[in-house]
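generate a structure from the sequence data that follows.
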Amino acid sequence: MLFHILIAREADKCVFTHCGNFPRSFIGPEPEISEFDVLGTVIGKEKCFGAVKGKVKAGSMTYFRLSCDDTAGTLKAYAGEGDFTDAPSPWMAASR
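Just a heads-up that it's a prediction; the model follows:
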């Protein structure tokens with residue numbers, strides 16, 4: 001709950017999670033291999049070991065997302081720029 005309160009107070013801040021590959025150079029000094037927390041709550045942590053967890057290094061970033069609604073026949077996209085910060089990660093501290 002504290003995590004949601006902290007982020008909600010900052011309109012220009014978001015939480016970024018990515019379920020996919022990152023190059024090693026993209027992750028900070030302490031990556032770990034563990035269970036995938038979100039999926040683990042649904043199917044059990046013992047069934048989803050092998051996720052790489054880590055905090056992305058501070059720096060600039062550009063993002064893009066494209067999604068398709070097949071039933072409506074539409075595409076939706078958004079793009080933007082921002083920065084990964086050195087802000088503390090309360091969810092990672094809780095998992096250690």
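
in the chain, what helix or strand scores lowest on average pLDDT?
Every helix and strand of the chain was ranked by mean pLDDT, DSSP states H and E. The lowest is helix 2-8, at a mean of 46.

need the next SSE after that helix, C-terminal direction.
strand 32-35 (DSSP states H and E).

tell me which strands and helices that next one is in contact with?
If contacts are counted by 3 or more C-beta pairs under 8 Å, 6 or more residues apart in numbering; DSSP states H and E, strand 32-35 sits against strand 49-53. For glycine as for every other residue, the C-beta is placed from the backbone atoms N, C-alpha and C.

hmm, who's touching the strand it packs on?
Contacts with strand 49-53, where a contact means C-beta atoms under 8 Å, 6 or more residues apart in numbering, come from 22, 27, 31-37, 92, 95.

and these, which is closest to residue 59?
Nearest to residue 59 among those: residue 27, at 11.8 Å, using C-beta to C-beta.

how close does the closest one get to residue 53?
9 Å (C-beta to C-beta, to the nearest Å).

I'd like the contacts of strand 49-53 laid out as CSV, including neighbour count, pLDDT and distance to residue 64.
Listed next are the contacts of strand 49-53 as CSV, based on neighbours: other C-beta atoms under 10 Å; pLDDT from 0 to 100; distance: C-beta to C-beta, whole Å:
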residue, neighbour count, pLDDT, distance to residue 64
22, 12, 74, 16
27, 16, 82, 21
31, 14, 81, 25
32, 12, 82, 28
33, 10, 82, 28
34, 16, 82, 28
35, 18, 81, 29
36, 18, 76, 24
37, 14, 76, 26
92, 13, 54, 26
95, 12, 46, 29
